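> Prediction below, plus the sequence it came from.
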There are 2 protein chains.
Amino acid sequence: MASHREANSMASSSLTPPEVPMELHAINRGKLVKYLLQHLTESTRPLHGFVLLQGGEEQTRHDTDHAELFRQESYFAYLFGVREPGFYGAIDIATGKSILFAPRLPAEYAVWLGEIKPLSYFKERYMVSKVCYTDEIVGVLHDEYKEQGKPLLFLLHGLNTDSSNFSKPAEFEGIEKFKTDLNTLHPILAECRVFKSDLELALIQYANDISSEAHVEVMRKTTVGMKEYQLESMFLHHTYMYGGCRHCSYTCICATGGNSAVLHYGHAAAPNDRTFEDGDMALLDMGAEYHFYGSDITCSFPVNGKFTSDQRLIYNAVLQAHNTVISAMKPGVNWIDMHKLAEKIILDSLKKGCIVVGDVDDMMVKRLGAVFMPHGLGHFLGIDTHDTGGYLEGLERPKEPGLKSLRTVRDLREGMVITVEPGCYFIDALLAPAMENSETSKFFNHEIIGRFKSFGGVRIESDVHVTSNGCKNMTNVPRETWEIEAVMAGSPWPLDKSSIHSENGREGK
Amino acid sequence: MASHREANSMASSSLTPPEVPMELHAINRGKLVKYLLQHLTESTRPLHGFVLLQGGEEQTRHDTDHAELFRQESYFAYLFGVREPGFYGAIDIATGKSILFAPRLPAEYAVWLGEIKPLSYFKERYMVSKVCYTDEIVGVLHDEYKEQGKPLLFLLHGLNTDSSNFSKPAEFEGIEKFKTDLNTLHPILAECRVFKSDLELALIQYANDISSEAHVEVMRKTTVGMKEYQLESMFLHHTYMYGGCRHCSYTCICATGGNSAVLHYGHAAAPNDRTFEDGDMALLDMGAEYHFYGSDITCSFPVNGKFTSDQRLIYNAVLQAHNTVISAMKPGVNWIDMHKLAEKIILDSLKKGCIVVGDVDDMMVKRLGAVFMPHGLGHFLGIDTHDTGGYLEGLERPKEPGLKSLRTVRDLREGMVITVEPGCYFIDALLAPAMENSETSKFFNHEIIGRFKSFGGVRIESDVHVTSNGCKNMTNVPRETWEIEAVMAGSPWPLDKSSIHSENGREGK
Ligand SMILES: [Mn+2]
Ligand SMILES: [Mn+2]
């Protein structure tokens, strides 16, 4: 029996979930305090008060006791790294002292939900200066405050430019015993999150590593006749089983055939439930999250493992855009310019493929790129998939098609992590009006484009870290068409370069 | 290449996700109308008006655009089976006519989220009489209403006795143009859900079949040194990959060693993250959901595949309770009696094992059973894991330890589906005070019980359908210790009875 039980080896991954250093969050707090003090100094305001954040609460579904699996609110996760619901956290900006407030749990908790941990457990686990109960917030913060009058609380209130929602400032009984500032904290904290520390980068790299490996695994196991959700299931399983990732950064998009032209496919009303067929392209946008830090990776490939010439044409158009953008990325480069660079490369390729005709610069003026790529080139990535700081106060969202979908228009700077995700889609709702429009109709080869009616689309997405003099692609998946074909035919990844010719009849790209 | 790609067969399950007949929800609606009319007739009230329910909305996480995977509100799912968010549904009780109101989607939806389906699509898919837009509710319902004055709406408002939350009545602009009744609908609709139709039973059976198969798969692949969450990952993967189950009925409880004494282990603050060791028991409480209908199954087994004598003692105590209760279940039997029957059998076994001493009837009077099994014996199961109707109006929740945790105290009736889940746990927070208490201290063998300090607990849970003259266990997993040992050693499930002796050295139970 022993031999059988031991035979179930776990060696289906080269990775092991890493320990998470809680210094990461201490560093995040230190950075916030530094920039907050700097801001207060510049505006000649007093250098005291507390940053106070309220963590997330566990949610039940409608009127039932069905508890949704809790995931911490992202700003709270950034500063404190706490995985449990019901906490508050404070930082004394004068001293840098950090205080967590834990919920006081009823005795019954021990029977139903687990050991009631002493406050010292949280102090040690989360490396904070002090831990008290949430019903002690008023007293503790008054005791800690060394100045005259009501203590000042910097609360979190500000616009999320991706959702258009506002973050909710902390609320607690007795808040009227404090002065509150709703304006100062949000822009500074949002900006802190834009620039990743080495410890943050290591987690994003790990999320990329396990997700890249899972993408390769899925690619290898994809066969004609499967359901889209089976690809999702394989990805989720690989990243959880071997990577310890209980959460994904977002709901998996497993789109095949025409569905790959739906940018955010995979939600409840379009639930990855198509059976895919020989000749389909698959577009898989899936990324795991590890200790709050995420990844966001898209691979596109033919489900039967072999590109047709049409598929190769569109795929290579997008890949060239992806690669050229990454080659150009470094501090100082503007993101709108990168978006336009991607658009231009894709239009150039479509022109070579006789799908569009005419002058590409004219097309750019008429925003034809947005017909084929209506989304933005990429977005900041971190604790949120669409991470904070895309539009600094003062920066305006462009109005033009395509550009208006950009989640940031900033210049790149060292420490940013941003996705590069050009795409080329044949979306009827955009193509039909553009082909009828008297200003843009002339650009389309109406005959050839008919061939692509049910093609869907291609997206290639990597997570890129901007370094001091360039950038680093954190994603590691087969990208060249011949790499994809080799891996889908059973080759290891990374490819053993010497054996490719003989084994897989590699074609030039 | 072809041979490799086709080699990835999907034959790891004997099951295929079934088509869901939407008649199921038409039958549910018909049943509601029948009982509602009956109630109105009995109370000599007019027989007209509309049942109006508001479906669930997609939720985003805090201020971000992170969309949680939507799962329909359960009452709405029961009556309409709609998987998309943002709907309303009405039933004209005079005619039985059903009307769905779909959200009017912006043109952009087609680019980002998928084809904007015509109303006729929903009419056909969901087999309703009519589909309009949500902004037409006021006009449509006024047009449909054949009586004088403001139309009457029966809205859903009532207590969920598991969560202590109230369901939220439908809200929409213009509701003041209607009369509303908040009291009539809830008890009748909650009661409808208690008695399952054949079509509902078929879905619960399928959820049980795929979940049973997944439990067996997990059992087989469990080896010493794994992490608890790896068992969760295997279960989720099996039920989604082969069963098409995107949702689980509840967060998986994968408890090993001492964690198996935590009844609702597995949540964010106790996230199935222990590495388990040789000699541990595992308690896996996991159930998949298919088209809203769930399952709720617990298996307990030694992670190394072989019961010790202590493990066998506790396990068989619980198994005997489980089997005896199921043997006794039929219409007319009261659930409190079943709970006490389970308690008594467990105490009898613990006495035989010299863990408790003295008169078992005395122990029952002192509620000693609740020290070892603080939860209720079982609960209704359906679209919610803790399904509706546990406490009919008029029924009171008992006050005594153990009994107060019962989610229902009703007499069994044909058509109910209820879990049978006796357990026996060594929970310090309950044992320590009971062993010190002067009234109960004498019942414990203080020396022997020390051996069980880090034992954790055992739970055995099956989903049982009450039939006209007995009941049917819908769950099909290895239950006898020798069955578990055989399956963990590689035997097929169900066991090939003829081969058991030679292959696995079966012991008497
Ligand atoms: Mn992205
Ligand atoms: Mn249960």
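Nice, I can see it. Residues are numbered from 1 along each chain as shown, chains lettered A, B, ... in the order given. Ligands and ions are numbered 1, 2, ... in the order given.
> drop to CA atoms for contacts and neighbour counts, all remaining ones
Noted.
> Any stretches of chain A with poor pLDDT?
A:1-11, A:498-509 (pLDDT under 70).
> The residue of the stretch 351-500 of chain A found nearest chain B - how many residues pack around it?
Using C-alpha to the nearest C-alpha, the single residue of the stretch 351-500 of chain A nearest to chain B is A:Ala489, 5.5 Å away. A:Ala489: 22 surrounding residues under other C-alpha atoms under 10 Å in any protein chain shown.
> what does A:Ala429 give?
Neighbours of A:Ala429 (other C-alpha under 10 Å): 15.
> so after the helix or strand where it lies, what's the next helix or strand?
A:Ala429 belongs to helix A:428-436 when assigned by DSSP states H and E. For helix A:428-436, the following helix or strand on the C-terminal side (DSSP H and E) is helix A:446-450.
> Please state the offset of that next one from the chain centre?
35 Å (C-alpha atoms, centre = their mean, to the nearest Å).
> for stretch A:233-249, same thing?
With C-alpha atoms, centre = their mean, you get 15 Å for stretch A:233-249.
> Could you look up the SS state of A:Leu153?
Three-state call for A:Leu153 (DSSP: H, G, I helix; E, B strand; the rest coil): strand.
> Can you report how many residues lie near it?
24.
> Now for it: which residues touch it?
A:Gly49, A:Phe50, A:Val51, A:Leu52, A:Phe178, A:Lys179, A:Thr180, A:Asp181 (C-alpha atoms under 8 Å, 6 or more residues apart in numbering or on different chains).
> Was I right to think the third one contacts A:Thr95?
No: between A:Val51 and A:Thr95 no contact is recorded; they are 11.7 Å apart, counting by C-alpha atoms under 8 Å.
> the more surrounded of these two?
More crowded of A:Val51 and A:Thr95, by other C-alpha under 10 Å: A:Val51, with 23 against 12.
> Strands along the stretch 1-150 of chain A, start to end?
A:50-54, A:88-92, A:98-102, A:130-133 (DSSP state E, counting those that start in this stretch).
> Restricting to C-alpha, output the last one in CSV.
In CSV, the C-alpha atoms belonging to strand A:130-133 read as follows (Å, rounded to 0.1, in the frame of the first residue of the first chain):
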residue,chain,number,x,y,z
LYS,A,130,0.7,47.0,19.1
VAL,A,131,-2.6,45.1,18.8
CYS,A,132,-5.8,46.1,20.6
TYR,A,133,-9.5,45.3,20.1
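> For the stretch 151-300 of chain A, which segments are assigned as helices?
A:185-194, A:198-221, A:228-241 (DSSP state H, counting those that start in this stretch).
> Out of those helices, which one sits most buried?
Each of the helices of the stretch 151-300 of chain A was scored by mean neighbour count; the highest is helix A:228-241, a mean of 25, by mean count of other C-alpha atoms under 10 Å in any protein chain shown.
> ok, that one near chain B or not?
Yes: with C-alpha under 8 Å from any C-alpha of the partner chain as the criterion, chain B is reached by helix A:228-241 at A:Tyr229, A:Gln230, A:Ser233, A:Met234, A:Leu236, A:His237, A:Tyr240, A:Met241.
> how about the last one, what does it touch?
The one in question is A:Met241. So A:Met241 contacts B:Tyr229, B:Gln230, B:Ser233, B:Met234 (C-alpha under 8 Å, 6+ apart).
> likewise the fourth one?
The neighbours of A:Met234, taking C-alpha under 8 Å, 6+ apart as the test, are A:Ala214, A:Glu217, A:Val218, B:His237, B:Met241.
> Now with 10 Å, please.
A:Ala214, A:His215, A:Glu217, A:Val218, A:Met219, A:Lys221, A:Thr222, A:Tyr240, B:His237, B:His238, B:Tyr240, B:Met241 (C-alpha atoms under 10 Å, 6 or more residues apart in numbering or on different chains).
> Of those residues, which is the nearest to B:Gly257?
A:Tyr240 (21.4 Å; C-alpha to C-alpha).
> what are the ranges of the helices in the stretch 351-500 of chain A?
Remark: helices assigned in the stretch 351-500 of chain A by DSSP H, counting those that start in this stretch are A:360-365, A:369-372, A:428-436, A:446-450, A:481-488, A:500-504.
> Are there helices or strands packed against the helix holding A:Ala429, and which ones?
If contacts are counted by 3 or more C-alpha pairs under 10 Å, 6 or more residues apart in numbering or on different chains; DSSP states H and E, helix A:428-436 sits against helix A:369-372, helix B:109-112.
> show me what contacts the nearest residue to A:Met416 once chain neighbours are set aside?
Take A:Met416 and drop its neighbours on the chain: the residue closest to it by C-alpha to C-alpha, 6 or more residues apart in numbering or on different chains is A:Phe195, 5.0 Å away. Residues in contact with A:Phe195 (C-alpha under 10 Å, 6+ apart) are A:Leu201, A:Phe380, A:Gly382, A:Gly389, A:Arg413, A:Glu414, A:Gly415, A:Met416, A:Val417, A:His465, A:Val466.
> I'd assumed A:Val371 was in contact with A:Phe426.
Yes: contact status for A:Phe426 versus A:Val371: in contact at 8.2 Å, counting by C-alpha atoms under 10 Å.
> ok, for the residue nearest in space to the middle of chain A, nearest residue in space, not its chain neighbours?
With distances taken as C-alpha atoms, centre = their mean, A:Thr385 lies nearest the centre of chain A, 2.5 Å away. Counting by C-alpha to C-alpha, 6+ apart, A:Thr385 lies nearest to A:Ser249, which is 5.9 Å off, once chain neighbours are set aside.
> Now that neighbour: phi and psi?
phi -70, psi -30 (degrees, to the nearest 10).
> looking at it, it is touching A:Ala288, isn't it?
Yes: counting by C-alpha under 10 Å, A:Ser249 touches A:Ala288, with 5.5 Å between them.
> Count the neighbours of A:Gly415 for me.
20.
> ok, it touching A:Leu199?
No: A:Gly415 is not in contact with A:Leu199 according to C-alpha under 10 Å; the separation is 11.6 Å.
> quick one: contacts for the closest residue to A:Ala270 other than its chain neighbours?
In space, and not counting its chain neighbours, A:Ala270 is closest to B:Gly114: 7.1 Å by C-alpha to C-alpha, 6+ apart. Listed by C-alpha under 10 Å, 6+ apart, the contact partners of B:Gly114 are A:259-267, A:269-270, A:427, B:108.
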